[in-house]
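> Sequence and predicted structure, then a few things I'm wondering about:
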Amino acid sequence: MKTKLLTISRLVKLFAIVALALVHTSCDETETTDSTGFILHYYGVTDIGPSMTYTLEAPTYKGSAPYDFTITGVTLNDEACTTESFVIDAETGAINIQNTANLATGLYAISVGCYSNGKYFEFKDAIQINMLLAVPEGVTVTPAEVVVKMEDKNWWEASAQVTTDTEKHVSITGYAIAEDESKEYLKYFTISDDGIITFNPEKKDNIIPGEKYVISLKLKTKAGEHLYADAVTFNVISKPLKLQYAPNEVRVEKNIAHESQLPTIQGSSEGRTYTIKSITPEISGFTIDAATGKISIAENTLTQIGNVYEVDVTVTNEYGTSDFPKAYIVTVVDFINPIDPETFKYEVPETYEGKGYTIPLINEFKGDEVIFDFAEDNSDIIKEQIEKNRISIDKVNGTITIAENNTLTPEDYTVKVKAANPKGEVSSSFTLTIKENPNKFTFYYGNNLDLSPKENYANQFEFNTKEELANFTLVPITTLNGREAKWEICSKQIQSGSNGVEVTKGTTIDPKSGMLTFTGEGFTTIINVGMLVVKATVGTGELAYTVTVPVFIKCGTGKSNINVRYKPFVFQVNPKTGGRSTAPEIKLPSSMDINKFAMDYRKEFNFFGIDSEPKGHLPQTEGSLLNDIWTTFYNNIGATKVNLGGKKPLSYYSTEKPIDNEKILDQVAGYIDPKDKAVVINPEIWKDKKGKYANGVLLGRVSYITNGDFTDENISKGAQFYPIAIWFDENF
C-alpha cells in the first residue's frame, strides 16, 4: 500500500527529503529519520534558461537503494501544470530537462515517487527548477575567458565585467551567480553590485591549478530574471605543481620487475609530459610513461640488495617546467613477504550514526609493499559513500576512514576491500554495524490554534488576556521514553524603544521535565509576538544529543476592538525561494471600512538566532545579517546613502528616495501585500554578504491605519504592533 509521507526539507544546500512527520528543530545531530531510515537527497534550486538541456544528477539516499522512480506531479509557481520537459530515469532518479525553448518562466517544483525495500515513498516538491528569461540582447561579459596565472601576485584579483550595449538601453538592476549546486566551485566566486565577477578571496585556497571554472549568471531587469548561460570562464593556468606518488617510497625484491602507482599532479594539463631527470646512483632499466608518469623497472635491473635509488622527475606543460627531486625512492631487498590472508582483518570499533570513525588493520597483519583499495563489488550504498568520499581508504597503510557526514542508517553493512603486492592480491571484508545514537530524541509543545497535525505547527500559543498567560504551563511531548534530559531556556527580548519588548519575560523551565511556566510579566494588551528557545540535552561526551526548539507566544487583541490574527502566526519560509504567509483574519468595529485599512512594516527590526543569546541584532548592528541586507538593498536601488534605521527594505508604501517601493517590489526583502495582508518574502535576498542564508527569526514592528490615507507619511502615524514572526531556514 502506498504511504504518502511528508516532505521535511525543500531546498537545503544538499536537498534532503525525509519521509516522516516531524517538528522542525535545530539540533547538534541530524534527526530527520523515521523507522525505515529512508532519506532521499536531491540538489537544491537549479537555474536554467530557454533552449538549455540539463541533467539533474541522480539523488543520493540513506537507507535501502531506491528504484522505480516516477514524477508524480509538477507545479509552476505553486500552480499545477503539465509539461513534457522533465523526464525521470526510472532506474536512477536522474532528471533530464529538455525542450525548454518555449517553457514558461518561473519556479517549477517536481514531486517524485519511488520504492525502497518494497515500500513506496512520495516526496512533494522534491526538486526545484528556476526557469529564467533569455539573456537580454546587448549584454556581454568582458573578457569572456579570464586567464589566471597562479604565479602572479594577487592572482585572485583577476576579474570580468558584465557590460551592456548602450544602444540596446538595457538596465540591469541585480546580479547573481546562477544556482547549480552540482558545481560546488561556484561558491569560490562572487559578483559585485555593479557586475564585476571575481574570486571569493576567502575561498581562494580551494582553487585548483589547471582547472577551468565556467560560470553562468542571473541578471535582473525590469522584465524579470534572465539566465546568461556560461557567461564567463576562469581558466587557471599553471606550470606543473605538487607531483605525488603514493607510495613514493617502495621496497622492491631483487631482480623483480616493478611498476609505480599513477601519480597525482596539479597544474595545466595542456602539453603535459613526464621525463626522468636523473637517478641517484645512476642505473639503467628505469623508464617513465611520458603521458601518465608511471615509472617502470625492468626485470633483472635491481641486482644489488640494499641499494637505494632516488628518482628525480621533470614535468613539462605549455606553461612551464618543474623538477621534482626524490619523487620516487626505491630500496632493493632480498625478499617481499606475500600477504597472509588470515591476517587481512580490521579492528572495527562500535559505530553510531552520524559519527566519524577510523578503522585500522589488526596489528598482526602480514605483507610487504601492499597497496590497499576497495573491492569493485561493494553494495550500492557503500559505493555511494566511497564516491562521495564519506568512506575512504589509505592505500599505503590500509586504514579506512568513515567521515561524520556519512549517510549510513542504523543497520549492518558489508565493506569489501582488497590488498595487492608483487606476490599477489587478497580480498577481505568486514561487517560495519551502524547503531542508532542511544541519546537521540525529539520533542515539541504543540499549539493552541487548532492547527493540525500539532507537530507540524508546534510551539506557538496565543493569549488574549494576562490572566490566561499567567501561570500557564506547557509540558513537552517527547520521545525520551524514560531517559533523563537536561532542559534550559532563553527568553528573547525585542530591542524596541528604551525598554524593549519581552513577551516571554519571567518564564521558567523545570530542568528535569522541560515544563514551561509562564508568569504573564511580559504581557501586552497590544498585539505582540515573542519567543523563547528551549534547549534539551541527553547524555554526555561524544554521543550527547542536543535539540533546540523555539517557542512562540502571541498576546493581546489590539486597540479599539481592532484585531489582526495570522494563523499560524509563525511564517516558516526558505530564504532561497521566498514565500507567502497565510492571509490574516482582520476584525474591525462595524463603524470601520475594511477598504480603508492598511498595514506596513515600519521599524525596529530584530533578528534572532535559534540559540541562547537573549538579544538579536538590528540593521544597525555592524557585521550582522540585517546590516548586510539593508546595505545591499540600498546599493542595488542606487541610493546615495544606506539608511540602516529605515523601513524601506521591508515596506510596500515607502516613498523614500530614490524610488517608490511600489515600483521595485521584486527588489525589496519583503512586504505586506495590501490586498490580503499576507507577508511576502522575496527569494535570494535573505543572505549575508558572504552568501550565507538567513537561519533564525525576524520580528518587526508593523503600523496600521483605518482612515484610508495610504500615504507613507500617514501610515507611519498609525498604531503599531508585532503581529507575526518570520522564521527563516533553508530546510523549509
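Yep, that arrived.
> C-alpha only now, for contacts and for neighbours.
Will do.
> hang on, Ile386 is in a helix, isn't it?
Yes - the assignment for Ile386 by DSSP: H, G, I helix; E, B strand; the rest coil puts it in a helix.
> Sketch out the strands for the stretch 201-350 of the chain, chain order is fine.
For the stretch 201-350 of the chain, the strands defined by DSSP state E, counting those that start in this stretch occupy 212-221, 224-237, 241-244, 249-253, 258-259, 264-266, 273-280, 286-288, 295-297, 308-317, 320-333.
> Quickly run through the sheet partners of the second one, with directions.
Partner strands for strand 224-237, per DSSP bridges, with pairing direction: strand 133-134 (parallel), strand 145-149 (parallel), strand 212-221 (antiparallel).
> want to throw those strands into JSON lines with mean neighbour count, mean pLDDT and distance to Gln460?
As requested, the strands paired with strand 224-237 are arranged in JSON lines below (neighbours: other C-alpha atoms under 10 Å; pLDDT from 0 to 100; distance: least, C-alpha to C-alpha, whole Å):
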{"stretch": "strand 133-134", "mean neighbour count": "20", "mean pLDDT": "88", "distance to Gln460": "40"}
{"stretch": "strand 145-149", "mean neighbour count": "18", "mean pLDDT": "95", "distance to Gln460": "52"}
{"stretch": "strand 212-221", "mean neighbour count": "20", "mean pLDDT": "92", "distance to Gln460": "37"}
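> before we move on, back to that, next, format the strands of the stretch 201-350 of the chain as JSON lines and append distance to Gly670.
Rendered in JSON lines, the data for those read as follows (distance: least, C-alpha to C-alpha, whole Å):
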{"stretch": "strand 212-221", "distance to Gly670": "17"}
{"stretch": "strand 224-237", "distance to Gly670": "17"}
{"stretch": "strand 241-244", "distance to Gly670": "49"}
{"stretch": "strand 249-253", "distance to Gly670": "61"}
{"stretch": "strand 258-259", "distance to Gly670": "64"}
{"stretch": "strand 264-266", "distance to Gly670": "46"}
{"stretch": "strand 273-280", "distance to Gly670": "57"}
{"stretch": "strand 286-288", "distance to Gly670": "63"}
{"stretch": "strand 295-297", "distance to Gly670": "62"}
{"stretch": "strand 308-317", "distance to Gly670": "53"}
{"stretch": "strand 320-333", "distance to Gly670": "53"}
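> could the strands paired with strand 224-237 go into CSV alongside distance to Ser654?
Written out in CSV, the entries for the strands paired with strand 224-237 read as follows (distance: least, C-alpha to C-alpha, whole Å):
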stretch, distance to Ser654
strand 133-134, 29
strand 145-149, 42
strand 212-221, 21
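> quick one, which of those is nearest to Lys596?
Ranking these by distance to Lys596, with C-alpha to C-alpha as the measure, places strand 212-221 first at 33.3 Å.
> could I get that closest one in PDB with only the CA atoms?
Coordinates of the C-alpha atoms in strand 212-221 are reproduced here as PDB (Å, rounded to 0.1, in the frame of the first residue of the first chain):
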ATOM      1  CA  LYS A 212      38.700  25.800 -15.800                       C
ATOM      2  CA  TYR A 213      35.700  27.200 -14.000                       C
ATOM      3  CA  VAL A 214      32.600  28.000 -16.100                       C
ATOM      4  CA  ILE A 215      30.100  30.400 -14.500                       C
ATOM      5  CA  SER A 216      26.500  31.300 -15.500                       C
ATOM      6  CA  LEU A 217      24.900  34.500 -14.300                       C
ATOM      7  CA  LYS A 218      21.500  35.500 -13.200                       C
ATOM      8  CA  LEU A 219      20.600  39.100 -14.200                       C
ATOM      9  CA  LYS A 220      17.600  41.100 -13.100                       C
ATOM     10  CA  THR A 221      15.900  43.700 -15.200                       C
END
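> Use 18 as the first number for this chain going forward.
Taking 18 as the first residue, the last one we looked at is strand 229-238.
> Need the contact partners of it.
Strand 229-238 is contacted from outside by 152, 187-195, 202-203, 242-253, using C-alpha atoms under 8 Å, 6 or more residues apart in numbering.
> do you know which of the strands of the stretch 218-367 of the chain lies nearest Met609?
Short answer: strand 241-254, nearest of these by C-alpha to C-alpha, at 38.6 Å.
> circling back to that earlier point, which among the strands paired with strand 241-254 is found nearest to Phe738?
Distances from Phe738 to each of these were compared using C-alpha to C-alpha; the minimum, 34.0 Å, belongs to strand 229-238.
> sorry, back to before: select only the buried ones of the contacts of strand 229-238 in PyMOL?
Buried members of the contacts of strand 229-238, identified by 16 or more other C-alpha atoms under 10 Å, are gathered into one PyMOL selection as follows:
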select buried, resi 152+187+188+189+190+191+192+193+194+195+203+242+243+244+245+246+248+249+250+251+252+253
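> before we move on, the earlier item: of all the strands paired with strand 241-254, which lies closest to Gly337?
If you check each of the strands paired with strand 241-254 against Gly337 by C-alpha to C-alpha, strand 162-166 wins as the nearest, at 11.5 Å.
> now whichever helix or strand comes after the closest one against strand 162-166, angle please.
Moving toward the C-terminus from strand 162-166, the first helix or strand encountered (DSSP states H and E) is strand 176-181. What separates the directions of strand 176-181 and strand 162-166 is an angle of 170 degrees, with axes from the mean of the first three to the mean of the last three C-alpha atoms, to 10 degrees.
> Check which helices and strands strand 176-181 is in contact with.
The elements that strand 176-181 packs onto, with contact taken as 3 or more C-alpha pairs under 8 Å, 6 or more residues apart in numbering; DSSP states H and E, are strand 156-159, strand 213-216.
> Just send those back as CSV, with mean pLDDT too.
Listed next are those as CSV, based on pLDDT from 0 to 100:
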stretch, mean pLDDT
strand 156-159, 94
strand 213-216, 95
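> Highest mean neighbour count out of those strands?
Among the helices and strands packed on strand 176-181, strand 213-216 has the highest mean neighbour count (mean count of other C-alpha atoms under 10 Å), at a mean of 20.
> In terms of secondary structure, what does that strand contact?
strand 176-181, strand 206-208.
> The last one - what's its average pLDDT?
Okay, so that is strand 206-208. Within the predicted structure, the mean pLDDT of strand 206-208 is 92.
> Sheet-wise, list the partners of it with their directions.
Pairing partners of strand 206-208, with direction, according to DSSP bridges: strand 213-216 (antiparallel).
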